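Sharing a model that was predicted from the sequence below.
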Amino acid sequence: MTFTTSKAHNHPHTVSCHCGNVRGSFSCSDQTIKAWECNCSDCAMRGNVHFVVPGEGFVVEGTEKEYHAKTSLYLWGTKTAQRRFCRTCGILPWYVPRSNPDGIAITLACASFAGGKKTQLEICQYDGINWEKSHAESGISNESQQK
């Protein structure tokens, strides 16, 4: 994840919270996006469906200091996942997931795709209640690798 104060970047897709204070951009395959619906206690309560992109290709608008000032960090369990909610509207547009600490999990409902159209979606189930087994069997850890 990198930070920029410039809007000049090569990432065609954007993501933001509801109020627009927390914004980022990303690239992803023009083919099918594999999104994950998880039943862990956090994702289930939020109705979260997310997809994972490589961390090095994700750009946050603003400086790191501004990002931290605009968001509130929530850690729980293993404290590997880093969730930063917008302090104004409370939305979590993206986070660093436990399954892919080298990637960024983007909340599908917060993403805007170039040209107003989504690529094809494949919604996969992730058994967050049995996290270790699902992580070993699902292939989710490959999602943060460059394609």
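Arrived safely, thanks for sending.

Do you have the helices of this structure handy? List them.
41-46, 64-70, 131-138 (DSSP state H).

Same list, these, but as a markdown table with mean neighbour count, mean pLDDT and distance to Thr4 please.
(Glycine included, C-beta is placed from N, CA and C.) Putting the helices of the chain into a markdown table (neighbours: other C-beta atoms under 10 Å; pLDDT from 0 to 100; distance: least, C-beta to C-beta, whole Å) gives the following:
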| stretch | mean neighbour count | mean pLDDT | distance to Thr4 |
| --- | --- | --- | --- |
| helix 41-46 | 14 | 92 | 28 |
| helix 64-70 | 14 | 96 | 10 |
| helix 131-138 | 14 | 93 | 32 |
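
For Gly90, find the nearest of the ones you listed.
Closest of these to Gly90 is helix 41-46, at 10.4 Å (criterion: C-beta to C-beta).

Can you show me the CA trace of that closest one as PDB?
C-alpha atoms of helix 41-46 as PDB (Å, rounded to 0.1, in the frame of the first residue of the first chain):
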ATOM      1  CA  SER A  41     -18.000 -13.000  13.400                       C
ATOM      2  CA  ASP A  42     -16.700  -9.700  12.000                       C
ATOM      3  CA  CYS A  43     -17.600 -10.200   8.300                       C
ATOM      4  CA  ALA A  44     -21.000 -11.900   9.200                       C
ATOM      5  CA  MET A  45     -22.100  -8.900  11.300                       C
ATOM      6  CA  ARG A  46     -21.100  -6.400   8.600                       C
END
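
residues making contact with it?
Residues from elsewhere that reach helix 41-46 (C-beta atoms under 8 Å, 6 or more residues apart in numbering): Glu37, Cys38, Asn48, His50, Trp76, Arg83, Leu92, Tyr126, Gly128.

Just flag the most distant two among those.
Greatest spatial distance in those: Glu37 and Trp76, 19.7 Å, computed using C-beta to C-beta.

Settle it for me: which of the two has more neighbours?
In this view Glu37 and Trp76 are compared by other C-beta atoms under 10 Å, and Glu37 has more residues nearby, 16 against 9.
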